[in-house]
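>>> I'd like to go over a predicted model; first the sequence, then the structure.
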Amino acid sequence: MSDAVLRTPAFEEKPEVQEETSVLSVPNEANDNENPARRQQPETRMFELPRAIWIAMIGSYAVFLAALLGATGGSRAAFAIVISVVYVAMFFGVARVMLGQANPQPTSPLDRSGGKLQSLYGPLGRMEVYTQVLIVPFAVAAFGIAISVIAALVF
């Protein structure tokens, strides 16, 4: 659970009183003009990951794709690698656009000395978060480097 969720005041829903209710009236219908719509609460979850984690993830995928480009000689698989670059850019770009649409993000609790990030299974320290989030991107980068080393030795 996010720290922001713990600090955000709870949304108090006021009971809806209907004086005249018809048997044919379905409450909360999408196009219901008789019953007032309930006020929606904005999303309260935050990313709360430090900027360094995002940069490391992007860098890991860049190393992987550059290693593949080098291992394949550039021309043989360039089209497939360009498509992969577009997908990686979309993956991180959509998150960036969505973040721009949301409320302002607080600084990460991991940026503070001794800060803990609340997770589903309890608070995690800086090293645990970095390990859990970056293990797969670093493994993918290592895989790309291994492919380029093997290609260099074989060809």
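Good, I have the coordinates. Residues are numbered from 1 along each chain as shown.

>>> part of a helix, is Ala80?
Yes - according to DSSP: H, G, I helix; E, B strand; the rest coil, the state of Ala80 is that of a helix.

>>> show me where the chain has helices.
Along the chain, the segments classed as helices by DSSP state H run 3-7, 51-71, 78-101, 126-154.

>>> for Leu110, which of the ones you listed is the nearest?
Leu110 lies closest to helix 126-154 among these, at 5.0 Å (CB to CB). Every C-beta, even on glycine, is put in place using the N, C-alpha and C of the backbone.

>>> just put the helices of the chain in TSV and tack on distance to Ser108, mean neighbour count and mean pLDDT.
Below are these laid out as TSV (distance: least, CB to CB, whole Å; neighbours: other CB atoms under 10 Å; pLDDT from 0 to 100):
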stretch	distance to Ser108	mean neighbour count	mean pLDDT
helix 3-7	9	13	58
helix 51-71	8	17	93
helix 78-101	13	12	90
helix 126-154	9	14	94
